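Chemist: the following block contains a protein sequence and its predicted model.
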Amino acid sequence: MEQFFNYDDLKDLYDIAIIGGGPAGLTAGIYAARDNLDTIILEKNFPGGQVGITEIIENYPGFPDGIMGGDLAEKMFLHARKFGVQVKNGICGKIEIDGKYKIIHLEHSVHKIKAKSIIFATGAKPLHLEVPGENKFLGRGISFCATCDGAFYKDKVVAVIGGGDSAVEEGNYLTKFAKKVYIVHRRDKLRAAKILQDRAFKNPKIEFIYNCVVKEVKGEEKINAITLHNRVEEKDFDLPVDGVFVFIGWTADTELLKGMVDMDDSGFIKTDEHMATKIPGIFAAGDNRLKELRQVVTAVADGAIAAKSAEKYIEENF
């Protein structure tokens, strides 16, 4: 991983610079490098994105028994490195258009990345509850990752907020540690895949609370309860818990491109079928793109298409 933090081998010009090292970015890197394009991936954390902190992935083709998220992330990273992709740690502070070239300015660094084309693959980030007490306990009682923080709640009581795949899957995972897991959903039925629902319904540690939303997170030094509002009965009540895991949706991690490309109200980038934005030479791929389904398999598909589209753009313009 030493190369990940070392900028000494940066090139003066890249064919493709990929911002984001999740499945979409790593796949784009693989496809670009196999076509002999000088390619760099900039990742602000560690390669793999959300996949790297997912316990197990059961619906990725080729792994009928499932695969650990961290293992899949590592395989993708090593695959990209095999074909010569440079993968560097860095936070992009600004993108500048210089004629046909794109300049990426890195935060906390004098280094700049010059490229003929950019693939924006920054993914999405979890939505917050936006209720009193949430900010106070972020990172110390409120979590957005069961794989990361579940072990802190051995023999404790936790609440999972949400009713989709992530909420139900992570709720099941938390029963490995917690003695009780409440899954709180604002509707009267779950949105998660049937197989995940069936697994949760059979788990004796899980209890479902429907038609409720969180109004407040309570506690002094630690969380001791959440206030729920029942939307049907129109009444509030406190639920004693030691921790809260939030899985209520996502917002695109695309602040860097705001005002430059077309987005929806949640910041998801609008592209055509070639992953192209309205700026020639800038493409988007993965969970930060406006689309119906956000899964690892759709992210890698986006990445492959974006790389081939960027290759065609470079051939026609340089």
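Modeler: Thanks, I have the structure now.
Chemist: restrict whatever helix or strand F208 lives in to CA atoms and write it as CSV.
Modeler: Element membership of F208, judged by DSSP states H and E, is strand 206-209. Taking Å, rounded to 0.1, in the frame of the first residue of the first chain, the C-alpha atoms of strand 206-209 are listed here in CSV:
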residue,chain,number,x,y,z
ILE,A,206,-35.2,-9.1,15.6
GLU,A,207,-38.4,-7.2,16.3
PHE,A,208,-40.1,-4.9,13.8
ILE,A,209,-41.6,-1.6,14.5
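Chemist: buried set for it?
Modeler: Within strand 206-209, the residues that count as buried by 16 or more other Cβ atoms under 10 Å are I206, F208, I209. C-beta: built from backbone N, CA, C; applies to glycine.
Chemist: what's that strand in contact with?
Modeler: For strand 206-209, the surrounding residues in contact (Cβ atoms under 8 Å, 6 or more residues apart in numbering) are 171-172, 175, 180-185, 190, 200, 228, 239.
Chemist: now with 7 Å?
Modeler: Strand 206-209 has contacts (Cβ atoms under 7 Å, 6 or more residues apart in numbering) with G171, T175, V181, Y182, I183, V184, H185, A200, L228.
Chemist: just the residues you listed: which are in strands?
Modeler: V181, Y182, I183, V184, L228 (DSSP state E).
Chemist: nearest to G286 among the residues you listed?
Modeler: I183 (27.5 Å; Cβ to Cβ).
Chemist: burial of the nearest residue to C145 once chain neighbours are set aside, as a residue count?
Modeler: Among residues not flanking C145 along the chain, I53 sits closest, at 5.3 Å (Cβ to Cβ, 6 or more residues apart in numbering). For I53, the neighbour count with other Cβ atoms under 10 Å is 18.
Chemist: from L228, how far out is I53?
Modeler: Distance of I53 to L228, given as Cβ to Cβ, to the nearest Å: 27 Å.
Chemist: now swap in G219 and tell me
Modeler: G219 is 15 Å from L228, by Cβ to Cβ.
Chemist: higher neighbour count, those two?
Modeler: L228 (23 against 16).
Chemist: what score does the more buried one have for pLDDT?
Modeler: With respect to pLDDT, L228 scores 98.
Chemist: quick one on the thing from earlier: now rank the contacts of strand 206-209 by neighbours and give me the top one.
Modeler: Neighbour counts for the contacts of strand 206-209 peak at G171, which has 31 neighbours (criterion: other Cβ under 10 Å).
Chemist: is it true that that one touches Y182?
Modeler: No - contact criterion Cβ atoms under 7 Å: G171 and Y182 do not qualify, at 8.5 Å.
Chemist: now the common contact residues for those two.
Modeler: V160.
Chemist: quick one, helices of the stretch 51-200 of the chain?
Modeler: 69-82, 134-137, 146-149, 165-174, 194-201 (DSSP state H, counting those that start in this stretch).
Chemist: which of the helices or strands spans A307?
Modeler: A307 belongs to helix 296-317, assigned by DSSP H and E.
Chemist: what comes up buried for that helix?
Modeler: Across helix 296-317, burial judged by 16+ other Cβ under 10 Å covers 296, 298-311, 313-314.
Chemist: mind giving me the packing neighbours of it?
Modeler: helix 23-34, strand 112-120, strand 282-284 (3 or more Cβ pairs under 7 Å, 6 or more residues apart in numbering; DSSP states H and E).
Chemist: which residues touch E216?
Modeler: E216 touches V131, P132, G133, I226, T227, counting by Cβ under 7 Å, 6+ apart.
Chemist: once you drop chain neighbours, what's closest to the second one?
Modeler: Read it as P132. E216 (4.7 Å).
Chemist: quick check: closest non-adjacent residue to the residue of the chain most remote from its centre.
Modeler: Centroid-distance maximum for the chain: E233 at 35.2 Å, with Cα atoms, centre = their mean. Distances taken as Cβ to Cβ, 6+ apart place N211 nearest to E233, at 8.0 Å, with adjacent residues excluded.
Chemist: likewise for G171?
Modeler: V160 (4.3 Å).
Chemist: burial count for the one you found?
Modeler: By the measure other Cβ under 10 Å, the count of residues near V160 is 31.
Chemist: and it, how far from V214?
Modeler: 11 Å.
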